[in-house]
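> all I have is the shape, not the residue letters:
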């Protein structure tokens, strides 16, 4: 057993009882199993927030892990899509999503007499732009993985040792992170270069998020990602291929 896993187990044993915000991603799945092993089925509960922004494939994976490791599970409807702040899709959209989630899960924990409410935030998440984490802090949510300094690679290694089938699963962002630009959008494939065309009014919005877009396209093999400053227009490829006089 690694030092961080031992530290995690020691920490969660100090919890009288716990409710975990459980998405089924590797972080919360690993934590769910550790909580189940350390606290037993009567002192912990994994809670899934169900809404249209939660991918079905992730829900199925979450349920499969819970069933395999006998993790007690509850599903609670969340309504972030009713919040105009969330629907505006700002850069801190996750803050409003998590605020809604915890507003549902905290009363559930109190009603069941569960002492601690926690999430699967890890140590590396704290170094990134995570407005959802700010919502959790505001609500008094504990983050055991982050508290003991556990990184994503350590979590994957420990999850593999525990036999979690999702130990190497890729990150699964909420479906709302795939919604934003409306109207026409095109990604031109120029070998190792990706050029993104959106309608002109969406260019500033896209440029604000270019870092995360670039990371995703880099994972797909693109070395260079750029936004076409002229915006989306029909026939642009033909214009490029047209012989110059």
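That came in fine, so what should we check first? Quick caveat, the model's predicted, so the values are computed rather than measured. Numbering: from 1, shown residues only.

> now the helices: where do they sit in this structure?
Here the chain has its helices, by DSSP state H, at 3-12, 26-39, 56-68, 84-87, 93-112, 131-139, 144-147, 152-162, 203-208, 210-219, 236-241.

> can you list those helices in a markdown table and add mean neighbour count and mean pLDDT?
All C-beta atoms are positioned from the backbone trio N, CA, C, and that covers glycine. Listed next are those as a markdown table, based on neighbours: other C-beta atoms under 10 Å; pLDDT from 0 to 100:
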| stretch | mean neighbour count | mean pLDDT |
| --- | --- | --- |
| helix 3-12 | 16 | 96 |
| helix 26-39 | 24 | 97 |
| helix 56-68 | 15 | 92 |
| helix 84-87 | 14 | 84 |
| helix 93-112 | 19 | 95 |
| helix 131-139 | 17 | 91 |
| helix 144-147 | 22 | 98 |
| helix 152-162 | 17 | 95 |
| helix 203-208 | 14 | 85 |
| helix 210-219 | 13 | 85 |
| helix 236-241 | 10 | 50 |
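
> of all the ones you listed, which one comes closest to residue 186?
Within the helices of the chain, the stretch nearest residue 186 is helix 236-241; the backing value is 8.4 Å (C-beta to C-beta).

> isn't residue 119 up against residue 136?
Yes. Shown here, residue 119 and residue 136 form a contact pair, counting by C-beta atoms under 8 Å, at 5.7 Å.

> shared neighbours of the two, anything?
Residues touching both residue 119 and residue 136 (C-beta atoms under 8 Å, 6 or more residues apart in numbering): residue 143.

> make CSV out of the helices of the chain and add distance to residue 185.
Below are those laid out as CSV (distance: least, C-beta to C-beta, whole Å):
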stretch, distance to residue 185
helix 3-12, 42
helix 26-39, 30
helix 56-68, 23
helix 84-87, 19
helix 93-112, 19
helix 131-139, 24
helix 144-147, 35
helix 152-162, 30
helix 203-208, 9
helix 210-219, 11
helix 236-241, 13
